[in-house]
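# Can you look at this prediction? I've put the sequence above it.
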Amino acid sequence: MNEKVTADFLAHSASEVFLPVSNGYRILQHGYVAALAGRVQAVGEGDTAGNVSLLPHATVLDCTGKTITPGLVDAHTHPVFAGWRDDEFELRIQGAQYKDILASGGGIMSSVRKTRAASEDELLCNVLSFLDEMLSSGTTTIEAKSGYGLDLQSEIKSLNALKRAAESHPVEIVPTFLVHSVPTEYKGNRSEFINLVTDVMIPEVAHSRLAEFADVFCEDGVFSVEESRTILTCASSYGLKLKIHADELESTGGAELAAELGAVSADHLIRASDKGLSAMAARGVVAVLLPGTPFFLMSDERARARFMKEQGVTLAIATDFNPGTSPTTSLPLVISLACLRMGMTPGEALWSATKGGAMAIGRDHTVGALEPGMQCDLVVFDCPSHRHIAYRYGVHLVDQVVKRGKVVFRKTKGVTRQVR
């Protein structure tokens with residue numbers, strides 16, 4: 001007989017509790033989750049009376065008819081920017097190509113100009129607003145990239161905004177320094193910009209401890225494999241863990257480079273080669289798939305999720321939230337797209353947005369699952385089965401969100417910000 005646990009939090013009587021495990025999931029019927037001081041103490045089925053001793057004033061959630069999942073983990077976001085690009089959205093619908101938008105002063109450089117002009121406080125305000133949206137959709141942990149500054153001052157400003165947001169919002173933030181593109185002022189001298197990145201920007205970011213990861217956009221017309229290797233090797237030498245935007249538009253060898261350098265993840269991968277995916281599987285590089293991006297760009301291209309899974313690649317899915325190519329903060333919507341456009345089952349997609357997402361940011365020992373000792377981060381969905389999260393696309397099914405054993409969102413009350 002299991003020993004009775006003490007708890008100051010209990011969510012009980014759930015129609016389902018979705019429990020990711022190493023490479024799959026279990027479903028508990030009429031399930032419960034008990035926690036103490038923000039850590040899971042027990043998960044189980046049926047009556048809790050013989051298993052859980054509640055402290056006075058414990059938080060108790062009756063989840064009858066509802067589904068409990070781990071807090072969602074969004075492993076690829078770009079939330080530090082100023083200004084939207086909705087005008088480009090309309091132009092694309094009317095047939096404009098990205099190169100035409102870029103030539104007219106739009107595209108990423110539009111975001112760079114606005115982000116450089118914004119104050120740190122303005123960027124912080126934007127980030128907090130986006131975090132509110134994410135939390136209300138069930139996201140409790142994100143990876144967040146800089147990359148719309150493209151100079152030292154603006155990148156530090158962006159990373160500082162992320163640091164301050166992490167201190168004042170319940171969503172947990174894993175920060176990444178992203179080398180996103182070559183800025184306009186260096187278009188005629190790419191090597192000088194890369195020298196600036198390796199000799200000045202990376203050392204300063206590492207010294208200030210403002211980022212945990214470094215990332216680079218390895219793609220034709222952005223950074224070549226050799227340039228990306230130079231940047232990422234430098235970042236690794238300063239103690240930053242590695243990510244890479246790889247093989248989104250063309251098969252350029254980004255997946256192979258991720259495996260070569262032992263990156264934690266390679267992201268996008270729409271055009272990744274068989275060889276590159278095999279190498280990723282062998283090195284344990286997580287594939288972060290972003291189905292919202294080709295969907296928003298009205299492209300029929302999609303990552304080969306089923307093939308990757310068959311090759312033994314660990315899969316995560318994420319929003320790619322950004323102002324230009326995927327302006328959604330909703331991971332439940334992306335879970336639906338992963339099923340409808342990449343052939344994942346609802347359970348596989350949800351696993352990839354919890355356990356897989358946590359693995360893609362090196363946090364699978366604390367978040368992304370509901371196991372004793374892990375953080376009590378969970379979502380109560382107002383639906384009887386985990387399948388409904390994907391099945392009822394675009395419907396806001398999040399009833400309550402819990403972070404470290406505290407209710408931080410209720411559908412009826414909205415977000416409660418907490419200073420940690």
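Ah, there it is.

# going forward, measure contacts and count neighbours with C-alpha atoms only.
Noted.

# contacting residues for the spatially closest residue to residue 118 that is not a sequence neighbour?
Among residues not flanking residue 118 along the chain, residue 82 sits closest, at 6.5 Å (C-alpha to C-alpha, 6 or more residues apart in numbering). Neighbour list for residue 82: 111, 114, 115, 118, 122, 123, 126 [criterion: C-alpha atoms under 8 Å, 6 or more residues apart in numbering].

# Can you select the buried ones among those for me in PyMOL?
Command for PyMOL that selects the buried part of those, burial taken from 16 or more other C-alpha atoms under 10 Å:
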select buried, resi 111+114+115+118+123+126
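
# Could you list the low-pLDDT ranges of this protein?
1-2, 413-420 (pLDDT under 70).

# Does the residue nearest to residue 118 lie in a helix or a strand, and which?
Using DSSP states H and E, residue 82 maps to neither a helix nor a strand.

# roughly how far apart are it and residue 348?
34 Å (C-alpha to C-alpha, to the nearest Å).

# what does stretch 144-160 contact?
Residues contacting stretch 144-160 (C-alpha under 8 Å, 6+ apart): 75-81, 108, 111-113, 115-116, 119-120, 123, 162, 173-183, 200-201, 205, 210-211.

# Can you show me the helices along the stretch 251-400 of the chain?
Here the stretch 251-400 of the chain has its helices, by DSSP state H, counting those that start in this stretch, at 254-261, 274-283, 292-296, 305-310, 331-342, 346-352, 355-360, 387-391.

# do the same with the stretch 101-250 of the chain
Secondary structure of the stretch 101-250 of the chain (DSSP H, counting those that start in this stretch): helices at 108-117, 120-136, 152-168, 190-196, 202-208, 225-237.

# now those helices in JSON lines, with distance to residue 396?
Output for these, formatted as JSON lines (distance: least, C-alpha to C-alpha, whole Å):
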{"stretch": "helix 108-117", "distance to residue 396": "29"}
{"stretch": "helix 120-136", "distance to residue 396": "9"}
{"stretch": "helix 152-168", "distance to residue 396": "25"}
{"stretch": "helix 190-196", "distance to residue 396": "43"}
{"stretch": "helix 202-208", "distance to residue 396": "38"}
{"stretch": "helix 225-237", "distance to residue 396": "39"}
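
# and residue 216, which of the ones you listed is closest to it?
helix 225-237 (6.3 Å; C-alpha to C-alpha).

# name the helices or strands packed onto the closest one?
The helices and strands touching helix 225-237, judged by 3 or more C-alpha pairs under 8 Å, 6 or more residues apart in numbering; DSSP states H and E, are strand 213-218, strand 241-246, helix 254-261.

# Just send the ones you listed back as a markdown table, with distance to residue 376 and mean neighbour count too.
Output for those, formatted as a markdown table (distance: least, C-alpha to C-alpha, whole Å; neighbours: other C-alpha atoms under 10 Å):
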| stretch | distance to residue 376 | mean neighbour count |
| --- | --- | --- |
| strand 213-218 | 25 | 26 |
| strand 241-246 | 26 | 26 |
| helix 254-261 | 32 | 24 |
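
# Now distance to residue 25 too, for these, in JSON lines please.
Below are the helices and strands packed on helix 225-237 laid out as JSON lines (distance: least, C-alpha to C-alpha, whole Å):
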{"stretch": "strand 213-218", "distance to residue 25": "28"}
{"stretch": "strand 241-246", "distance to residue 25": "26"}
{"stretch": "helix 254-261", "distance to residue 25": "27"}
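
# Using CSV, list the CA coordinates for stretch 3-22.
Taking Å, rounded to 0.1, in the frame of the first residue of the first chain, the C-alpha atoms of stretch 3-22 are listed here in CSV:
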residue,chain,number,x,y,z
GLU,A,3,2.3,5.8,1.9
LYS,A,4,-0.1,8.7,2.3
VAL,A,5,1.4,12.0,1.0
THR,A,6,0.9,15.5,2.5
ALA,A,7,-0.3,18.1,0.0
ASP,A,8,-1.2,21.8,-0.2
PHE,A,9,-2.6,21.4,-3.7
LEU,A,10,-5.0,18.8,-5.2
ALA,A,11,-6.7,18.6,-8.6
HIS,A,12,-9.0,15.6,-8.5
SER,A,13,-11.8,13.7,-10.3
ALA,A,14,-10.4,14.5,-13.8
SER,A,15,-12.0,12.6,-16.7
GLU,A,16,-8.4,12.2,-17.9
VAL,A,17,-4.9,12.9,-16.6
PHE,A,18,-2.5,12.9,-19.5
LEU,A,19,0.9,11.7,-18.4
PRO,A,20,3.9,11.9,-20.8
VAL,A,21,6.6,9.3,-20.3
SER,A,22,9.9,8.7,-22.0
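
# need the next SSE after the longest strand along the chain, C-terminal direction.
Longest strand of the chain, by residue count under DSSP state E: strand 5-21. Per DSSP H and E, the first helix or strand lying C-terminal to strand 5-21 is strand 24-36.

# Can you tell me what sits against the helix or strand that that following strand is followed by?
Using DSSP H and E, the helix or strand that follows strand 24-36 towards the C-terminus is strand 39-45. By C-alpha under 8 Å, 6+ apart, the residues outside strand 39-45 that reach it are 5-7, 28-35, 370-376, 404-405.

# Try it again at 6 Å.
The contact list for strand 39-45 (C-alpha atoms under 6 Å, 6 or more residues apart in numbering) reads 30, 31, 32, 33, 34, 35, 372, 373, 374, 375, 376.

# Which parts of this protein belong to which domain?
5-71+369-410, 72-360 (automatic domain parsing).

# Endpoint to endpoint, the last one covers what distance?
Think domain 72-360. OK, domain 72-360 end separation, C-alpha to C-alpha: 13 Å.

# what's the answer for stretch 160-174, then?
Stretch 160-174 has an end-to-end distance of 13 Å (C-alpha to C-alpha).

# Give me the distance from it to the chain's centre.
Averaging C-alpha positions (C-alpha atoms, centre = their mean, to the nearest Å) puts stretch 160-174 14 Å from its chain's average.

# mind listing what's buried in it?
Buried residues in stretch 160-174, counted by 16+ other C-alpha under 10 Å: 160, 161, 162, 163, 165, 166, 169, 170, 171, 172, 173, 174.

# Also stretch 245-253?
Here stretch 245-253 shows 245, 246, 247, 248, 250, 251, 252, 253 as buried, counting by 16+ other C-alpha under 10 Å.

# One more: stretch 84-95?
Buried, per 16+ other C-alpha under 10 Å, within stretch 84-95: 85, 88, 89, 92.

# Would you convert those residues into CSV that also reports distance to residue 355?
Converted to CSV, the buried residues of stretch 84-95 look like this (distance: C-alpha to C-alpha, whole Å):
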residue, distance to residue 355
85, 32
88, 35
89, 33
92, 35
